[in-house]
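Undergrad: mind looking at a prediction? Sequence and model below.
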Amino acid sequence: MPQPDPPRSVPPPRRVTRDTRAESAPKSTALPGPEGPPARARRVRPGQPATRAQPVTPAPARRVESAGPRSAGFDLARDDATAPGSATAGPAPGRADAAVPDSPGPGQARTDRADGPLMSLERLRVLRELADRGTVAAVAEALSMTPSAVSQQLKVLAREAGVALLEPDGRRVRLTDAGRALVVRADEVLEAMERAVSEMAEYRGSPRGRVRVALFPSGATLLLPHVLAELEDSGVEVVAADEDVPPSEVQRLLADYDLVLTHRDERSPSLGGPRVSSRVLMREPIDVVVAPGHRLARQGAVVPAELADETWISVRTGFPVDDVLRSIATVTGVQPRIAQRLNEFSVIEALVAADYGVALMPRYAVRHPDLVMLRLAGVRAARVYDLATRTHADKRPAVAMVIAAFQTAARRATGLE
């Protein structure tokens with residue numbers, strides 16, 4: 001008969017000692033990252049000292065991009081806007097397309113305040129250039145930047161401002177109401193900075209600097225030699241350029257020049273606007289000029305009716321001389337017969353002296369010794385010289401000195417000094 005197996009000896013239950021220090025240690029809350037999930041905590045054996053928990057390094061702040069396809073916006077760098085409301089034109093309501101700000105590192109200053117981030121002077125300058133030049137490509141060329149860099153600066157400025165500054169306009173972009181308002185403030189801020197630089201220069205000595213001036217040719221001939229003589233020992237350098245444009249284009253020229261000398265018919269409204277400051281320098285009568293052998297050469301003055309059948313040598317449309325010629329046509333009821341249109345008075349003088357026609361010319365611009373000048377009666381015939389700057393630019397000491405020199409030159413030219 002088989003014998004039963006002897007009974008097994010059962011070991012007594014082992015007492016497990018719990019280490020409360022390990023249980024009380026904070027659990028890691030780190031999210032799985034590119035290195036994989038966090039390592040499991042090491043098991044603590046009875047009697048073994050627990051290892052101090054390592055601090056969890058927070059992941060760097062990540063940019064929160066708005067949901068939706070990127071093609072929903074428009075590309076500033078290409079100047080071909082296709083849809084409004086993109087991040088390019090400024091953050092749209094309800095979108096989170098701003099970066100979570102990091103804390104400043106050593107030696108860095110915070111640029112954000114309780115009411116929003118500070119706006120960069122350079123980005124304000126880019127916005128002003130866009131207002132003046134009209135396209136991103138033109139801004140990029142003027143500032144020696146790439147179009148994509150200009151686009152990025154405008155995007156950042158829109159985030160700093162917290163409103164849309166641009167909106168699509170066909171294949172281009174245009175300023176919103178907020179953008180236009182900010183451009184006016186940008187003018188003030190940038191001019192204030194330039195004045196500060198000039199004022200600091202005054203503490204170092206007399207006002208110095210370079211002032212860029214655009215002038216129409218006949219105005220430059222009349223005034224520029226006296227202006228340069230007036231400023232000869234001032235330390236201010238005048239850099240002049242020949243620019244003959246209608247008053248409507250003065251704002252565009254102020255993107256490249258500190259001062260613009262322009263001319264207009266005295267009946268036209270004066271220059272001005274939220275971004276342009278102008279002052280009248282002088283008034284110059286416009287006379288009729290004829291060849292010595294012309295039938296009217298012996299008269300001291302003429303009326304429009306006597307000129308109805310004449311052949312004219314005139315200037316391009318949009319300038320004061322052409323405005324007066326149209327006034328003559330209104331009075332006589334006869335459209336003038338214009339043989340040539342030239343914006344160079346020396347050429348006009350040569351053609352009139354050769355008896356190819358008659359012309360209207362500003363009184364102080366006549367240089368040809370053989371021409372006869374006749375006063376035009378019955379029509380207001382004069383042009384006005386305007387000296388234009390950006391608003392507040394005339395507060396800069398160097399610019400103010402050049403303006404004063406032009407005023408002195410104008411008084412001399414008109415015999416008032």
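TA: Done, it's in. Numbering: from 1, shown residues only.
Undergrad: could you list the low-pLDDT ranges of this protein?
TA: 1-117, 201-207, 417 (pLDDT under 70).
Undergrad: just checking, what packs against the longest strand seen in it?
TA: Assignment by DSSP state E gives strand 276-290 as the longest strand of the chain. Other elements packing on strand 276-290 under the criterion 3 or more C-beta pairs under 8 Å, 6 or more residues apart in numbering; DSSP states H and E are helix 250-253, helix 320-332, helix 345-353, strand 359-362, strand 372-376, strand 382-390, helix 397-413. For every residue, glycine as well, the C-beta is placed using N, CA and C.
Undergrad: and whatever helix or strand comes next after that strand, which strands flank it?
TA: Next helix or strand after strand 276-290 toward the C-terminus (DSSP states H and E): strand 301-302. Strand 301-302 sits in its sheet next to strand 372-376 (parallel), going by DSSP bridges.
Undergrad: ok, Ala149 to Ala164 distance?
TA: Applying C-beta to C-beta, to the nearest Å, the value for Ala149 to Ala164 is 21 Å.
Undergrad: of those two, who's got more company?
TA: Set side by side, Ala149 and Ala164 show more neighbours around Ala164, with 22 against 16, by other C-beta atoms under 10 Å.
Undergrad: you'd agree that one is in a strand?
TA: No: looking at Ala164 with DSSP: H, G, I helix; E, B strand; the rest coil, it is coil, so not inside a strand.
Undergrad: that one and Leu175 touch, don't they?
TA: No: when contacts are counted by C-beta atoms under 8 Å, Ala164 is not listed as touching Leu175 (9.9 Å).
Undergrad: enumerate every residue touching Asp287.
TA: Leu360, Met361, Pro362, Arg363, Val366, Met373, Leu374, Arg375, Leu376, Ala381 (C-beta atoms under 8 Å, 6 or more residues apart in numbering).
Undergrad: bridging across strands, which residues link to the first one?
TA: Here Leu360 shows beta-bridge partners Val288, assigned using DSSP bridges.
Undergrad: neighbours around it, how many?
TA: Based on other C-beta under 10 Å, the number of other residues close to Leu360 is 24.
Undergrad: look up how far Val126 lies from it.
TA: 44 Å.
Undergrad: what does the second one give?
TA: Using C-beta to C-beta, one obtains 43 Å as the distance from Met361 to Val126.
Undergrad: sorry, back to before: tilt between the longest strand of the chain and helix 397-413?
TA: Using axes from the mean of the first three to the mean of the last three C-alpha atoms, to 10 degrees, the inter-axis angle of strand 276-290 relative to helix 397-413 is 30 degrees.
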